[in-house]
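Q: I would like the atomic coordinates for the input below:
(one chain, ligands or ions: 1)
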Amino acid sequence: MEAVNLTVWKWSDSLLEERLLLQHHHGSSPSSSSIIQLFWGAVLLSIANLLFQNLNRKLDSARLPPCPSLWEVVYHFVLQCIVKQRPLEEFFTRIGQNHAGGVIRLSNWGVAAAVPTSFSSQPPAVLISSAVAAHEFFKLHDAQFGARPSYMPKAMWGPRAAYWRHLQLMLDVTSPRVETFQKFSYAAASPAKGLEWAITAIRQHPEAVARVQSELACVVGLDRFLVEESDIPKLPYLQAVVKELFRLHPPAPFSLPHELVASADASLQQVDEDGECSQLLGYDILQVPQTQVFINIYAVNRDPSVWERPNEFHPDRFLQQGPDDQNKLDLVGCKNDSCMLLPFGAGRRQCPGARLAILFVQFGLANQLHSWNRRTSSRIFTAAAARTSTYNRRSTL
Ligand code: HEM
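A: Sure, this is the predicted structure:
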């Protein structure tokens with residue numbers, strides 16, 4: 001911090017010197033306008049210096065979340081991504097859950113101690129990788145962290161306002177789906193990705209495929225080719241399978257960045273002392289420099305402190321739940337006292353297309369599995385019928 005102040009002053013000194021040398025070189029005495037410019041330059045530099053001092057004091061006194069060491073980063077990256085060939089989210093999960101509370105700071109890896117966060121090229125980022133921290137974040141600080149970074153397009157991720165409520169209303173599952181998908185075709189890639197994952201993952205579990213197919217045979221029957229939307233509520237095992245697939249393979253493994261709302265938006269400020277800092281599990285999350293908070297959805301969905309056998313595909317966990325757990329294990333939002341299943345985020349900024357996307361995946365998976373059933377068992381899957389099915393793949397699964 002001292003070094004920074006020194007640099008600012010040295011810069012101001014050298015500016016003055018340069019100016020005087022220039023005047024000397026031209027052989028004239030400094031004019032009154034140059035003196036005024038120099039005066040204002042000095043004033044501005046003093047203000048900048050004061051600001052830095054203030055900021056430095058804040059950073060010094062702040063209790064920031066821990067930053068993983070360079071060795072930790074290299075070790076987990078090599079082990080998870082290179083040796084075990086696990087996805088990148090697994091690496092972030094390991095380094096996140098390595099620290100108590102599962103809250104880590106990502107900026108300035110390895111040099112965090114030496115370089116003040118405010119002078120890095122990247123804005124500081126905090127990653128939440130545990131259900132307990134996610135719970136505190138969404139239950140206590142949701143309103144405070146309702147902003148998106150300024151680099152994100154306002155049309156989609158602007159301040160939470162009327163447009164958002166409008167979007168959510170439009171995306172309500174009662175609106176015509178095809179039209180909605182056409183309107184938001186840019187986002188339609190995610191449910192398609194979700195379905196692709198669901199089909200890929202369920203193929204590794206033939207016993208689950210067989211159970212869904214026998215459920216479909218009972219509810220839909222073998223005479224009807226297409227599963228209809230009205231059939232979905234009568235298919236509890238299919239719903240459990242979709243939940244388990246979204247838990248294990250969230251199409252969006254990380255949330256979008258959340259930022260502290262500007263102090264000017266006083267209606268959304270709740271617990272902030274001065275609008276410049278908020279606390280998460282006792283750590284300070286600063287507004288200056290503006291910190292971006294990400295939820296590691298993949299990690300929360302597999303948090304061993306709340307999930308039994310977290311890495312196993314076990315759809316029955318959703319069927320064994322009591323009536324009280326019904327909301328707890330809902331795919332959308334963070335209901336009751338738990339935030340353990342977050343494929344669509346939660347709170348004010350949760351995905352407005354969630355219900356639509358879930359229905360898309362349930363519907364798509366049901367039709368796929370039902371058509372496999374017909375093709376393999378009853379052999380009445382004709383070319384004409386294939387053309388009517390929306391979700392047929394070009395290559396057979
Ligand atoms: C499987 C499909 C989808 C998944 C997994 C998904 C997941 C997510 C996640 C994790 C977020 C961030 C939540 C946060 O930052 O806390 C999000 C935000 C968002 N999603 Fe989705 N989404 C899906 C489909 C859709 C669809 C179909 C639409 C629109 C038709 C949509 C529109 C949006 C919008 C507008 C936001 C930003 C909300 C805001 O900033 O307030 N998503 N989604």
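Q: going forward, measure contacts and count neighbours with C-alpha atoms only.
A: Fine.
Q: Ranking helices and strands of this protein by mean pLDDT, which lands last?
A: The helix or strand of the chain with the poorest confidence is helix 383-388; it has a mean of 33 (mean pLDDT, DSSP states H and E).
Q: Who are the contact partners of residue 362?
A: Going by CA atoms under 8 Å, 6 or more residues apart in numbering, residue 362 touches 232, 238, 239, 242.
Q: Roughly how far does the last one sit from residue 249?
A: When distance is defined by CA to CA, to the nearest Å, residue 242 is 10 Å away from residue 249.
Q: got any residues that touch both of the two?
A: What both residue 242 and residue 249 touch, as defined by CA under 8 Å, 6+ apart, is the set residue 198.
Q: quick one: secondary structure of residue 224?
A: Under DSSP: H, G, I helix; E, B strand; the rest coil, the three-state class of residue 224 is coil.
Q: Return the distance of the residue in the stretch 1-150 of the chain that the ligand sits nearest to relative to residue 136.
A: The nearest approach of the stretch 1-150 of the chain to the ligand comes at residue 148, 6.8 Å away (CA to the nearest ligand atom). For residue 148, the distance to residue 136 (CA to CA) stands at 19 Å.
Q: Could you do residue 91 as well?
A: From residue 91 to residue 136 the distance is 23 Å (CA to CA).
Q: Pick out whichever of those two has more residues nearby.
A: Taking other CA atoms under 10 Å, residue 91 and residue 136 do not tie; residue 91 has more neighbours (20 against 17).
Q: Kindly provide the whole-number mean pLDDT of the helix or strand containing the more buried one.
A: Assigned by DSSP states H and E, residue 91 belongs to helix 88-97. Confidence for helix 88-97, expressed as mean pLDDT, is 91.
Q: Let me know whether residue 258 touches residue 143 as I believe.
A: No - using CA atoms under 8 Å, residue 258 is not in contact with residue 143; the gap is 10.5 Å.
Q: just to revisit the earlier point, quick one: residues in contact with the helix holding residue 91.
A: For helix 88-97, the surrounding residues in contact (CA under 8 Å, 6+ apart) are 68, 72-73, 76-77, 80-81, 102-104, 127-130, 253, 296, 298-299.
Q: Tell me which of these fall in strands.
A: Judged by DSSP state E, the contacts of helix 88-97 include 103, 104, 127, 128 as members of strands.
Q: How many residues are close by the last one?
A: With neighbours defined by other CA under 10 Å, the count for residue 128 comes to 28.
Q: Quick one, grab the pLDDT at it.
A: The score at residue 128 is 95. That number is its pLDDT.
Q: Check the gap between it and residue 283 for me.
A: 12 Å.
Q: again with the second one
A: Taking CA to CA as the criterion, residue 104 is separated from residue 283 by 10 Å.
Q: which neighbours do these two share?
A: Listed as contacting both residue 104 and residue 283 by CA under 8 Å, 6+ apart are residue 65.
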